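Undergrad: Next one to model:
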Amino acid sequence: MKNMTPEERKELFPENIILLGYRGSVAHNMYIPNTDPNSIDDIDLMGVFMAPPECYIGIKKEKETKEKFVGKWDVVNYEFKKFVSLLLKSNPNVLSLLWIRDNHYIEKHTYGKMLIENRNLFVSKEIYHSFKGYAHAQMKKMTHMAYKGYMGEKRKALVDKFGYDCKNAAHCIRLLKMSIEFLIEGRLHVFRNDAPMLLEIKRGLWSLERIQKEASKLFDLADQAYVKSDLPNEPEFDVVNDLVMAILRNYLNL
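TA: Residues are numbered from 1 along each chain as shown. Purely as a prediction, here's the structure:
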């Protein structure tokens, strides 16, 4: 987290962070630095935090999702149990945090390490439905122009230039390829060795027609991979529950 000021860090992250790492373009090997005139990349981070003890054994509640945009930083933090619930749904962004490269973790405490060590508990064919759904959403956004964050205006200018949202297009193709790999191999390849091709798409070097044709092919391949996959139909809920209870007992000194 080079160039992050102490003030930014205090504003971006809650207390009791147990896992913190890069997500998005940095984790995917697809970051385009702001020295590039067509760059619209901010730096995405994801954290997992433990709520205060009274939220687990009392009636107090903690906000489960805390998202902040500060300068070039786009940060989302999930409360521990919320994070696990998203893992069980094979949420693409959340699941990826357990499969990033070791040098992309910024903080990795005991409970965070336990989640990573047990990531195979969340491996299931559910990823097909989740990743495919997200890919469809990216396809829709690609031509329906939705902008947010501090790069919104610049992103809009690039959409006007290329006729579609190149970043959404790259996300769509990446998600489909990751889902196919996962269904076949049972692991997520977050760091993309196919980054040169994906960066071509992200830079607007592919026509909209070519992207749509590639996406259609990958949707079909994902369907085939789902049918052939040997992965379980759903995660190991009971074992995950035992893991969550063990972590909370330790955290609460029970």
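
Undergrad: Mind jotting down where the helices sit in the stretch 51-200 of the chain?
TA: Counting by DSSP state H, counting those that start in this stretch, the stretch 51-200 of the chain has these helices, from start to end: 54-57, 80-88, 92-96, 110-117, 126-144, 152-162, 166-185, 195-202.

Undergrad: Gly204 looks like it's in a helix, true?
TA: No. Per DSSP: H, G, I helix; E, B strand; the rest coil, Gly204 lies outside any helix segment and is coil.

Undergrad: Spatially nearest residue to it, not counting backbone neighbours?
TA: Computed as CB to CB, 6 or more residues apart in numbering, the closest residue to Gly204 that is not its neighbour in sequence is Phe162, at 4.0 Å. Heads up, the C-betas are built off the backbone N, CA and C, glycines and all.

Undergrad: Give me the pLDDT for the one you found.
TA: Predicted confidence (pLDDT) for Phe162: 87.

Undergrad: quick one: it from Gly71, how far?
TA: 26 Å (CB to CB, to the nearest Å).

Undergrad: Next: Phe237.
TA: 40 Å.

Undergrad: Tell me which of those two has more neighbours.
TA: Neighbour count, other CB atoms under 10 Å: between Phe237 and Gly71, Gly71 has more, with 13 against 10.

Undergrad: and the more buried one, what are its phi and psi?
TA: Main-chain torsions, Gly71, degrees, to the nearest 10: phi 60, psi -130.

Undergrad: my guess is it meets Arg9, correct?
TA: No. In this structure, Gly71 is not within contact of Arg9 by CB atoms under 8 Å, at 11.7 Å.

Undergrad: any idea what sits nearest the spatially most central residue of the chain, other than its immediate chain neighbours?
TA: Closest residue to the average C-alpha location of the chain: Asn93 at 1.8 Å, with CA atoms, centre = their mean. Nearest residue to Asn93, sequence neighbours excluded (CB to CB, 6+ apart): Arg23, at 6.1 Å.

Undergrad: same check, this time on Lys60
TA: Glu54 is the one closest to Lys60 (CB to CB, 6+ apart), at 4.7 Å.

Undergrad: The one you found: how many residues sit nearby?
TA: 12.

Undergrad: Name the residues that touch stretch 209-218?
TA: Contacts with stretch 209-218, where a contact means CB atoms under 8 Å, 6 or more residues apart in numbering, come from Ala135, Met139, Met142, Tyr164, Ala169, Cys172, Ile173, Leu176, Lys177, Ile180, Ile201, Trp206.

Undergrad: With Gly58 as the reference, measure out to the first one.
TA: Put plainly, it is Ala135. With CB to CB as the criterion, Ala135 and Gly58 are 41 Å apart.

Undergrad: and those two? which has more neighbours close in?
TA: Each of Ala135 and Gly58 has its neighbours counted (other CB under 10 Å); Ala135 has more, 24 against 9.

Undergrad: Redo the helices of the stretch 51-200 of the chain as JSON lines? Include distance to Lys213.
TA: Formatted as JSON lines, these follow (distance: least, CB to CB, whole Å):
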{"stretch": "helix 54-57", "distance to Lys213": "49"}
{"stretch": "helix 80-88", "distance to Lys213": "32"}
{"stretch": "helix 92-96", "distance to Lys213": "23"}
{"stretch": "helix 110-117", "distance to Lys213": "37"}
{"stretch": "helix 126-144", "distance to Lys213": "12"}
{"stretch": "helix 152-162", "distance to Lys213": "17"}
{"stretch": "helix 166-185", "distance to Lys213": "11"}
{"stretch": "helix 195-202", "distance to Lys213": "12"}
